[in-house]
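[1] from the sequence below, what's the structure:
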Amino acid sequence: LWRRFAVGMTDVRPGDRVLDLAGGTGEFTARLAPLVGAEGLVVLAEINASMLGLARERLAGPGMGGNVELLQADGECLPLADDHFDCTTIAFGLRNVTDRKATLASMYRVLKPGGSAMILEFSHPTLRGFSPLYDFYSFHVMPIVGRLVAGNGDEYRYLAESIRVHPNQEMLKVMMEQAGFERCEYFNLSGGMVAVHRGFK
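    Here you go, the predicted model:
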């Protein structure tokens, strides 16, 4: 549901060129590709070769129209032309970059004037009294569930820790503005557990 909402916020249309940054295994790219159609293009940029291999398998499946390109690249210094994309996206990837400011600057640089950027990311709960419960679940329950279900509780502990050090909704909005984006706004989902940020060039 979070991803569905975020895709809707991109306003991607047939024929658009979209950059899906830190695209991982291609889950978000797979949602964008049908929207740009046969005349459009989605470029999935991912620094991790293993993740890119999984994306290649996913995006080669039935229903994909051949309008996707895969690129192994660092989001902080993209080997892509200025003013090239109608939309840039990053879904659950901004927490994991080394330099968020550099990544936002790259997203802005490759975007056409008038184009939009969309960021979907775990964020900070806004419901009164919810944060203590969320912290308990994140640091005590989630690692146990992760160990039982996925066989690795450490990854889920990292997830909880990385969310806490990620900029909150207002801070990320300011960072986008500092990168040059205009008309920046954000939408809280699930009480602020997740937020969608959007800005324009």
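
[2] quick check: T98 vs P79, distance?
    Per C-beta to C-beta, to the nearest Å, T98 is found 17 Å from P79. C-beta here means a position set from N, CA and C on the backbone, and glycine is covered the same way.

[3] err, V18, not the other one
    17 Å.

[4] kindly report the same for F187.
    32 Å.

[5] tell me which of these two has more neighbours.
    F187 (14 against 10; other C-beta atoms under 10 Å).

[6] how about the nearest residue to the more buried one, chain neighbours excluded?
    Closest residue to F187 apart from its sequence neighbours, by C-beta to C-beta, 6 or more residues apart in numbering: V196 at 4.7 Å.

[7] burial count for that neighbour?
    Neighbour tally, V196, other C-beta under 10 Å: 24.

[8] isn't it right up against Y186?
    Yes - between V196 and Y186 there is a contact under C-beta atoms under 8 Å: 6.4 Å.

[9] please identify the helix or strand for K101.
    helix 100-109 (DSSP states H and E).

[10] where along the protein do the strands fall?
    17-21, 41-46, 68-72, 85-91, 111-122, 182-189, 194-200 (DSSP state E).

[11] can I get these in JSON lines with mean pLDDT and distance to A102?
    Shown next, in JSON lines, are these (pLDDT from 0 to 100; distance: least, C-beta to C-beta, whole Å):
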{"stretch": "strand 17-21", "mean pLDDT": "98", "distance to A102": "12"}
{"stretch": "strand 41-46", "mean pLDDT": "97", "distance to A102": "14"}
{"stretch": "strand 68-72", "mean pLDDT": "96", "distance to A102": "17"}
{"stretch": "strand 85-91", "mean pLDDT": "98", "distance to A102": "13"}
{"stretch": "strand 111-122", "mean pLDDT": "97", "distance to A102": "14"}
{"stretch": "strand 182-189", "mean pLDDT": "97", "distance to A102": "18"}
{"stretch": "strand 194-200", "mean pLDDT": "97", "distance to A102": "16"}
